[in-house]
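Student: kindly return the folded structure for what I paste below:
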Amino acid sequence: MRSAGCAVNDYADRNFDRHVKRTQYRPLTAGEIEPKEALAVAAVLAVMAFGCVLFLNQLTIFLSFMALAIAVFYPFTKRFFSIPQAILGIAFGFGIPMAYAAELGQVPLQAYILLSANIFWAIAYDTAYAMVDREDDLRIGIRTSAITFGSYDVLIIFLCYVAFLSLLGYLAVAAQLNHWFWVGWLCASGCAAYHFLLVRTRNPEQCFQAFNHNNYLGACIFAGIFFAYW
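Tutor: Numbers count the residues shown, from 1 in each chain. Next comes the predicted model:
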């Protein structure tokens, strides 16, 4: 579904990407593949994903339709919604309520808190990503959080990281995770601090570096949870 969402995103942005320096050579906007090919890839991947969901319960199947709708809807929000990164966080994090539904047959409060944490994280890292293209986006009329936040962009990225890590910490306390989680949590906090130092320069290359470095932040959280349960 992540790959299907990327195909839909590139289809939706094909007429914008050619005007942005960083994206002008993407296969779809460069004419290397046809729009119908991108849609076909997205459709095939979505059908494959739905085939997996059919092995799960009715609630999870119902949620899968919502997940598909959000994945298709997100790319077009850049035309009218001031903070499309929030919708991205829902789209990328919708596996959270689906996983709870598949395991428990319901979506408890814990799932919504975890989804909220994911949304804050997406706003943080994707605002850094949007800061790379801010000048081009302003010129072509795309809406992004980097434009909406203006001079408060760095501060809001910092606050989103704080919210993300705080919510994860709350859930860890509630789940009584041991010290291994907190080792991972502290490492992730160090990554967030490093990202703050990079984005505060507002240099496009350093903002892109901060965006890419979120792989390590996520790995720290994953490792902390893994070893805490192991």
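Student: count of neighbours near residue 72?
Tutor: For residue 72, the count of nearby residues is 18 (other C-beta atoms under 10 Å). In short, each C-beta sits where N, CA and C put it, glycine included.
Student: could you measure from it over to residue 26?
Tutor: Residue 72 sits 19 Å away from residue 26, going by C-beta to C-beta, to the nearest Å.
Student: what comes into contact with stretch 106-123?
Tutor: Contacts to stretch 106-123, defined as C-beta atoms under 8 Å, 6 or more residues apart in numbering, come from residues 59, 63, 83, 85-86, 88-90, 92-94, 96-97, 99-101, 145, 156-157, 160-161, 163-164, 167-168, 170-171, 174, 214.
Student: put the alpha carbons of it into PDB.
Tutor: In PDB, the C-alpha atoms belonging to stretch 106-123 read as follows (Å, rounded to 0.1, in the frame of the first residue of the first chain):
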ATOM      1  CA  GLN A 106     -11.600  -3.500  18.100                       C
ATOM      2  CA  VAL A 107      -9.700  -0.300  18.000                       C
ATOM      3  CA  PRO A 108      -8.800   0.800  21.600                       C
ATOM      4  CA  LEU A 109      -7.700   4.200  22.800                       C
ATOM      5  CA  GLN A 110      -4.100   3.100  22.700                       C
ATOM      6  CA  ALA A 111      -4.300   2.700  18.900                       C
ATOM      7  CA  TYR A 112      -5.600   6.300  18.500                       C
ATOM      8  CA  ILE A 113      -2.800   7.600  20.700                       C
ATOM      9  CA  LEU A 114      -0.200   5.700  18.700                       C
ATOM     10  CA  LEU A 115      -1.700   7.000  15.500                       C
ATOM     11  CA  SER A 116      -1.600  10.600  16.800                       C
ATOM     12  CA  ALA A 117       2.100  10.100  17.600                       C
ATOM     13  CA  ASN A 118       2.600   8.900  14.100                       C
ATOM     14  CA  ILE A 119       0.900  12.000  12.700                       C
ATOM     15  CA  PHE A 120       3.100  14.300  14.800                       C
ATOM     16  CA  TRP A 121       6.200  12.400  13.500                       C
ATOM     17  CA  ALA A 122       5.000  12.700   9.900                       C
ATOM     18  CA  ILE A 123       4.500  16.500  10.300                       C
END
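Student: may I see the buried residues of that stretch?
Tutor: Using 16 or more other C-beta atoms under 10 Å as the test for burial, stretch 106-123 gives 107, 111, 113-123.
Student: what of stretch 68-85?
Tutor: By neighbour count on 16+ other C-beta under 10 Å, the buried set for stretch 68-85 is 68, 70, 71, 72, 74, 75, 77, 78, 81, 83, 84, 85.
Student: residue 22: what secondary structure?
Tutor: Put simply, residue 22 is coil when judged by DSSP: H, G, I helix; E, B strand; the rest coil.
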